[in-house]
Structures are given as structure tokens and as C-alpha cells.
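>>> Below is the sequence, then the predicted model.
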Amino acid sequence: MSDSTSSSTTLAQLLAARQQDGTRVSFTVTTDWQQGRTTFGGLLSSLVVQAMRDVCGADWPLRALQTNFVGPVVPGLMNVDVTLLRQGKNVRQVQARVTQTDAQGQEQVGGVLLGVFGSGRESALPHLRPEQPAVAKDAQAAFRWPYIPDVMPAFTQHLDFRHAEGAMPFTGSPEWHSRTFVRLLASDGVDAELQAVMLADAGPTPALGQLKGFAPASSVSWALELRPVAFSDTKGLWRMDKDALATGEGYVNEKTTLWTPDGQLAAFGYQVVAVYA
């Protein structure tokens, strides 16, 4: 996978081109960020978080994000309508609705998101910081996934994936977990919070490793809990630990733990994934 995305649109460029009209923020999504017939959910969510910050303020860190992927978001203009639900002393609750206009001129809903922003404050609670567990292979020894057009999802051309442990998709693996190093190739101009939102959704569910042939899968809902972090290695590899918790009737419940390049806990993610096999 090349370190260049010169033939495509970087996340920083998508952010820079956004337009705001009151509580509506609009983005133009490009084909290189697609995942099947819709836009990569991590990109959609990071753009929506930026829209929430544009409308309601960027002074407090994002603590939680709940995303319902309602319908496909295709390349082109994507509107995000932001509503401030409640502003308290320490917590801000913000709702966003993602829409597009279809060929018949009808507004279609692509996603509904709820963001919780909260200021830090003094607390009597002691700090609890989980330590990053060991992994079978470090980033240098891990297998680096190549980007193969028309085989890999288009959005993966923007990411560096390195498989370190566990199940790989469609290999008939007996394992229900995966450990992957990942980074955004063009990270300049993208802060750590937006990177965390994007990267926490970057990998496939390890449940796909149980299958011996290709089958499409799609996230239905996603709950992300973030820990504000600061680190100096802005181009380093994050680690994404995924565990399938339960499966049945075509759905997977999974957990993701995301670690910063220097090993800090950055986020917990919980998804319901539909698998069409």
C-alpha cells in the first residue's frame, strides 16, 4: 500500500471544502471513500463530528458517539443538520441527521448520530488506565494488506493496515478476534479525535474470518466511547483490537478497543453488523 493518496481526496481536503449555512454543514463525498454501495462509516462519522463542532463548539472533547447507519450515502453532496439538544455545565448533547437528495428530488436519510461532548473536571475517582496487552506480531512484522482496486473496499486506499493476530476475512479461521495496526496515510490537518473516530471503524468484523468465501457485511449501529488523548506521534500506527462477542441470525455483536500509537487507550466501540451469508 503506497504512502501516497495523490489520485484521491484526503480527509483533510474533504474537511477543508465543507460549507456551513446556519445549523447545516455540507460535505462533498468522493468515490475513493466508498465501502460497497455506501460511504465508509468511519468517514461519515468523523465528518459529522466536525459538523457538530462547527455548529455547537469545539471547546469540549467528544466523550461518546452513537451512530445509526440508516441508508446508503453515495458520492456527492451530503448534508448534516445539527441540533443542540441540551447544553449543561459540563456536558453537551448534540444530534445530527445525514441526508442526501435522490434522483427524484426526495430527501433520503443516510444516518442519525448523537454526540456527547464533556469538559474535564476535578474528581475524587482514582485514574484507571488499562494497559495495552501484548500481540503476536509487532507493527514491523505484521502482514501489510495491499490495496487491490475492485477487490478491497475503495476507502482502504487511504489507510495502512497491518494484520498482527487472529482472523483474516474469508479464510475459514476458527478464531473470533483480530489485532491490527492501522493509520491514516495522509494525517496532516486531521486532529487525534477525528482520527480516533475514523480508525475505530476501519476494520472488518473478525466474524468474517469464519467464512470460506466472500460475503457482504454492513454496520447497522455503532456506539463509540472515547478517552481524550494527547500524543506526539501523529503519523504513527494505532492498534485496533476487535472481538466478536456473539453471532446468530445473520448479525454479529462485536467490540473494538482502539489504542494510540504510544499505547494509550483511545476508544471502546460496540457494533451490530449484518452479514449477508
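Structure received.

>>> would you list every one of the helices in the stretch 51-200 of the chain?
With helices called from DSSP state H, counting those that start in this stretch, the stretch 51-200 of the chain shows them at 192-199.

>>> in it, which segments are predicted with low confidence?
When residues are selected by pLDDT under 70, none of them lie in the stretch 51-200 of the chain.

>>> the strands in it, which residues?
62-69, 76-87, 91-101, 107-118, 143-144, 159-166, 177-184 (DSSP state E, counting those that start in this stretch).

>>> start to end distance for stretch 113-125?
Criterion CA to CA, to the nearest Å; first-to-last residue distance in stretch 113-125 is 30 Å.

>>> follow-up on the earlier one: so which of the strands of the stretch 51-200 of the chain comes closest to residue 17?
strand 76-87 (10.9 Å; CB to CB). (Glycine included, C-beta is placed from N, CA and C.)

>>> The closest one packs against which elements?
For strand 76-87, the contact count by 3 or more CB pairs under 8 Å, 6 or more residues apart in numbering; DSSP states H and E identifies strand 24-29, helix 41-56, strand 91-101 as packing neighbours.

>>> For residue 222, find the nearest of the strands of the stretch 51-200 of the chain.
strand 62-69 (4.5 Å).

>>> now for that closest one, which elements pack on it?
Strand 62-69 is packed against helix 41-56, strand 107-118, helix 192-199, strand 217-226, with contacts defined by 3+ CB pairs under 8 Å, 6+ apart.

>>> could you give the angle of that strand to strand 107-118?
Counting by axes from the mean of the first three to the mean of the last three CA atoms, to 10 degrees, strand 62-69 points 160 degrees away from the direction of strand 107-118.

>>> how close does residue 145 get to residue 159?
Distance, residue 145 to residue 159, by CB to CB, to the nearest Å: 9 Å.

>>> just the strands of the stretch 51-200 of the chain: most buried one?
strand 177-184 (a mean of 23; mean count of other CB atoms under 10 Å).

>>> chain center to that strand, what's the gap?
Between the centre of strand 177-184 and the centre of its chain there are 12 Å (CA atoms, centre = their mean, to the nearest Å).

>>> what do you get for stretch 216-231?
For stretch 216-231 - counting by CA atoms, centre = their mean - the centre lies 5 Å from the chain centre.

>>> Tell me which residues touch residue 247, please.
By CB atoms under 8 Å, 6 or more residues apart in numbering, the contact list for residue 247 reads 207, 253.

>>> beta partners for residue 96?
residue 82, residue 113 (DSSP bridges).

>>> can you pull the contacts of it?
Per CB under 8 Å, 6+ apart, neighbours of residue 96: 48, 51, 52, 80, 81, 82, 83, 111, 112, 113, 114, 115.

>>> Kindly tell me how buried residue 90 is, as a neighbour count.
10 (other CB atoms under 10 Å).

>>> Name the nearest residue to it, ignoring sequence neighbours.
Distances taken as CB to CB, 6 or more residues apart in numbering place residue 119 nearest to residue 90, at 5.0 Å, with adjacent residues excluded.

>>> and the nearest residue to residue 184 once chain neighbours are set aside, what does it touch?
Distances taken as CB to CB, 6+ apart put residue 195 closest to residue 184, at 5.8 Å, once the chain neighbours are dropped. The neighbours of residue 195, taking CB under 8 Å, 6+ apart as the test, are 46, 184, 187, 238.

>>> now do residue 241
133, 177, 178, 179, 256, 257, 258, 259.

>>> So for the first one, what's the nearest residue that isn't a sequence neighbour?
Nearest-residue entry for residue 133: residue 241, 7.8 Å, with adjacent residues in sequence omitted and distances by CB to CB, 6+ apart.

>>> Alright, I will stop here.
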